[in-house]
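Trainee: Model the structure of this input:
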Amino acid sequence: MKLKNKTRLVLQIIILALAGMAVIRATDVEAFCPLGGLLSIGSRFVRGASSCQMGETQMFLGVALVLGIFVIGKLFCSHLCPIGTVTEWLGRWGRKFKIQMQKMPRFLDRGLRMLKYALLLPVLYYTATSSELFCKTFDPYYAAATGFGLDVVFWWALPALVIVIAGSFFIRQFWCKYLCPLGALSNLFLFAIFTAGTLIIYVAVNLAGIEFSVFWLFLLWVAGGFLIEISEKKLPFLSLIKIKRDNITCIDCKLCDKVCPYDIEVSQADVLHHVDCTMCTDCVAVCPVNNCLTIRQFNWKRLPAFATVLLVFAGIGISSRYELQTISERWGDSASDVHLARYESIIKSVKCFGTATALKKKIDRQKGIYGIDAYATSHKVVVYYNPSEVDETGIKKAIFSPYKSKIRDFRGEIPPTLKVAYFGILNLNDSIDNINLFRALAQSDYVYGFQSDFGEPVRVLIYYDNRHITPKEIAGLIEIPILKYMSQGKETETELNFKVFGGPEIIGEVERPIFLQHIFVTFNSKFKEFRTVARENVRIYEAGMPGLEQPAIRRYLPYLVSHISRLEGVLGLETYYTDRPVAWIYYDDSRVDTAAIKQTVTAPKMTVNFSNGETREYDNPFRMEGVQYIKTTADLSTIKTNVAAKMAFLDTYQESDISAD
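Mentor: The predicted structure follows:
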């Protein structure tokens, strides 16, 4: 049958093309996800924080989606959803080859409808309570678009993707009708009286002092939504605008039934109240009798498509004018003081709830700071402080994170020593700036590392081979206006505005092995029990651990600490660089032996305990290499003292500013 509804088809093609471009360009494939936006709004109400990577665009699009449901219907499902489009097109091939089921048995149809509500429950609860989008773990679109990226649980997403593809051939809109959490959530908005009524009761009960977990509200929603859906499909409180059939002019050709993506018997309804109706208007477009099938109140078959475009542009437009706080917190006795001053800054590392919360935890230890507002989209941070207790310099220092990193390995003509030069650098504010400085310095093969410490300007030491590059040439690398570098296999550009405002000044020279020890980013975590064990019983198991110089490996060290803490007698973990990256595992030799430690550290899985009582398993990225040694705390103290003595010439630099030239 020739497709009549070309307006909807054009919208579907545009959406798929935009999704394809996002995949090809490796940009955010969920930048316009209304489901993520709605879940993020729920997370703000329950936990006070948005879901990571869900900003104003997704949230306002989610609100627009809900408004569309109230007025017209589930427009996203019929006009914008990539999964809905693909499954609909696959279903046409199923009908063409006569392999698609003609009609799902009633009892099976009702039973299968429960599945999407069963999926919605963990999606709602885990997202609301963790500010992480649980649906990303199995979402077929997200899995396909990201190539089963980091947030995807492979053995959940793969079956979902197979079901989406295979199920579409045999059953009309199998995913959408029976498994899609957004479909279930959209239905809850259709059942507005039930959903809003139970929400009001829940809030009232909690305000009265009887606390119930939000889990019970979500359980009530999904159970009630399912029962409403299967009990009666002619519901009076569905969308205001519906499709109407003129029983007098209808010739009973049933073309409307054949084209309906959801297999609704349109020809049997005077006014279409069916919960599956997404207002695609394919039935209106195919009807051969003029004005027999119309959109009630509006005799315009393109109204849903027009409304969809209008709502999308309205959501995007409003989101571009309003920015929501990712976190807004006050603390301390002066938190409500109206005389608190404001300090504003752009901190590019503030990208989501997690990074904003980390910044809050970092600065709330500073005396005189009593609040923070953080905005992930613009990266703006507003700090509230008492000027009589701390000044802006103190705030900047509290925000600043010292950074040090080796830039490259030694290859070819290896220099026996490296020169150390001081540079004062303006506009070096956060970890993102430090990473960009790393990339800028990495343009030279003869710059081997740098470290930054707070100052005005920021104090930076750069380690380099003076036989091949000069401080003046290094300054040119720092002040490059446009930085080009390779990221994920493609060339990327970013604007830099670093300015050298102090130095360059050569302050010393360091031997290559000492440089490697000094520049290594150490990690140290001792358990409470460490302080109670007699020092003569404390031993240190040293194991070579390749990869500890890489941030992608280092980030799992807290997980390794949790994993080894389950072994009785282990007292802590520290990393260091001797002649290689090593892990020092502290233990009580009267309670545990090295064989048990080695077996635990090299286990293929790490068992990690979280503060909320949850336990998870992760693949173990760590491996041991080389000979293992047993040391004492005195041995470690000697190693550190020797390195510190040879780097003592940095003490003056680190304790005071060096004047700008």
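
Trainee: Just the CA atoms of the helix or strand hosting Phe306, as PDB, please.
Mentor: According to DSSP states H and E, Phe306 maps onto helix 303-321. Extracted as PDB, the C-alpha positions of helix 303-321 are listed here (Å, rounded to 0.1, in the frame of the first residue of the first chain):
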ATOM      1  CA  LEU A 303      -1.800  19.300  12.900                       C
ATOM      2  CA  PRO A 304       0.100  16.600  14.900                       C
ATOM      3  CA  ALA A 305       3.200  17.000  12.700                       C
ATOM      4  CA  PHE A 306       3.000  20.800  12.900                       C
ATOM      5  CA  ALA A 307       2.500  20.600  16.700                       C
ATOM      6  CA  THR A 308       5.500  18.200  17.100                       C
ATOM      7  CA  VAL A 309       7.800  20.600  15.200                       C
ATOM      8  CA  LEU A 310       6.400  23.600  17.200                       C
ATOM      9  CA  LEU A 311       6.900  21.800  20.600                       C
ATOM     10  CA  VAL A 312      10.500  20.800  19.700                       C
ATOM     11  CA  PHE A 313      11.500  24.300  18.700                       C
ATOM     12  CA  ALA A 314       9.700  25.800  21.700                       C
ATOM     13  CA  GLY A 315      11.600  23.400  24.000                       C
ATOM     14  CA  ILE A 316      14.900  24.100  22.400                       C
ATOM     15  CA  GLY A 317      14.300  27.800  22.300                       C
ATOM     16  CA  ILE A 318      13.200  28.100  26.000                       C
ATOM     17  CA  SER A 319      16.200  25.900  27.100                       C
ATOM     18  CA  SER A 320      18.600  28.300  25.300                       C
ATOM     19  CA  ARG A 321      17.300  31.200  27.500                       C
END
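
Trainee: Flag every buried residue along it.
Mentor: Leu303, Pro304, Ala305, Ala307, Thr308, Val309, Leu311, Val312, Gly315, Ile318, Ser319 (16 or more other Cβ atoms under 10 Å). For every residue, glycine as well, the C-beta is placed using N, CA and C.

Trainee: which phi and psi does Glu211 have?
Mentor: Phi and psi for Glu211, reported as degrees, to the nearest 10, are phi -80, psi 130.

Trainee: typo on my end, Thr127
Mentor: Main-chain torsions, Thr127, degrees, to the nearest 10: phi -70, psi -50.

Trainee: Which stretches in the stretch 101-250 of the chain count as strands?
Mentor: Per DSSP state E, counting those that start in this stretch, the stretch 101-250 of the chain carries strands over the ranges 243-245.

Trainee: Not counting the lengthiest strand in the chain itself, show me its contacts.
Mentor: When the chain is parsed with DSSP state E, its longest strand is strand 499-511. If you take Cβ atoms under 8 Å, 6 or more residues apart in numbering as the criterion, strand 499-511 is touched by 416-427, 457, 459, 461, 463, 471-472, 474-475, 478-479, 518, 646-647, 649-650, 653, 657-661.

Trainee: Which neighbours in the sheet does that strand have, and how are they oriented?
Mentor: Sheet partners assigned to strand 499-511 using DSSP bridges are listed as strand 417-426 (antiparallel).

Trainee: Helix or strand next in line after the partner strand, which one?
Mentor: helix 431-441.

Trainee: any idea of the angle that following helix forms with strand 417-426?
Mentor: Interaxial angle, helix 431-441 versus strand 417-426 (axes from the mean of the first three to the mean of the last three Cα atoms, to 10 degrees): 130 degrees.

Trainee: can you list contacts of helix 431-441?
Mentor: Contact with helix 431-441 is made by 348-349, 401, 403, 405, 407, 425, 427-428, 447, 450, 452, 460, 462, 474, 477-478, 480, 483, 485, 494, 496, 498, as judged by Cβ under 8 Å, 6+ apart.

Trainee: Dump it to PDB, keeping only the CA atoms.
Mentor: Provided in PDB are the C-alpha atoms of helix 431-441 (Å, rounded to 0.1, in the frame of the first residue of the first chain):
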ATOM      1  CA  SER A 431      41.600  20.400  35.300                       C
ATOM      2  CA  ILE A 432      40.300  20.900  31.800                       C
ATOM      3  CA  ASP A 433      42.800  23.800  31.400                       C
ATOM      4  CA  ASN A 434      45.600  21.600  32.700                       C
ATOM      5  CA  ILE A 435      44.700  18.900  30.100                       C
ATOM      6  CA  ASN A 436      44.800  21.500  27.400                       C
ATOM      7  CA  LEU A 437      48.100  22.800  28.600                       C
ATOM      8  CA  PHE A 438      49.300  19.100  28.500                       C
ATOM      9  CA  ARG A 439      48.200  18.900  24.900                       C
ATOM     10  CA  ALA A 440      49.900  22.200  24.000                       C
ATOM     11  CA  LEU A 441      53.200  21.200  25.500                       C
END
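
Trainee: Any buried residues in that helix, and which?
Mentor: Going by neighbour count (16+ other Cβ under 10 Å), the buried part of helix 431-441 is Asp433, Asn434, Asn436, Leu437, Phe438, Arg439, Ala440, Leu441.

Trainee: So for Lys484, what's the nearest residue that isn't a sequence neighbour?
Mentor: Glu493 (5.4 Å; Cβ to Cβ, 6 or more residues apart in numbering).

Trainee: same thing with Pro604?
Mentor: Per Cβ to Cβ, 6+ apart, closest to Pro604 is Asn620, 5.7 Å.

Trainee: Please name the residues that touch the nearest residue to Leu119 once chain neighbours are set aside.
Mentor: With sequence-adjacent residues excluded and distances taken as Cβ to Cβ, 6+ apart, Leu119 is closest to Pro181, at 4.9 Å. By Cβ under 8 Å, 6+ apart, the residues touching Pro181 are Leu35, Lys116, Leu119, Leu120, Val123, Cys135.

Trainee: picking that back up, and the next element down the chain from the longest strand of the chain?
Mentor: In the C-terminal direction, the helix or strand that comes right after strand 499-511 (DSSP H and E) is helix 512-519.

Trainee: Just the mean pLDDT for the next helix or strand after that following helix, thanks.
Mentor: Using DSSP H and E, the helix or strand that follows helix 512-519 in sequence is strand 523-526. Strand 523-526 carries an average pLDDT of 93.

Trainee: Show me what strand 523-526 is in contact with.
Mentor: Contacts to strand 523-526, defined as Cβ under 8 Å, 6+ apart, come from residues Arg554, Leu557, Pro558, Val561, Leu571, Gly572, Leu573, Glu574, Thr575, Tyr586.
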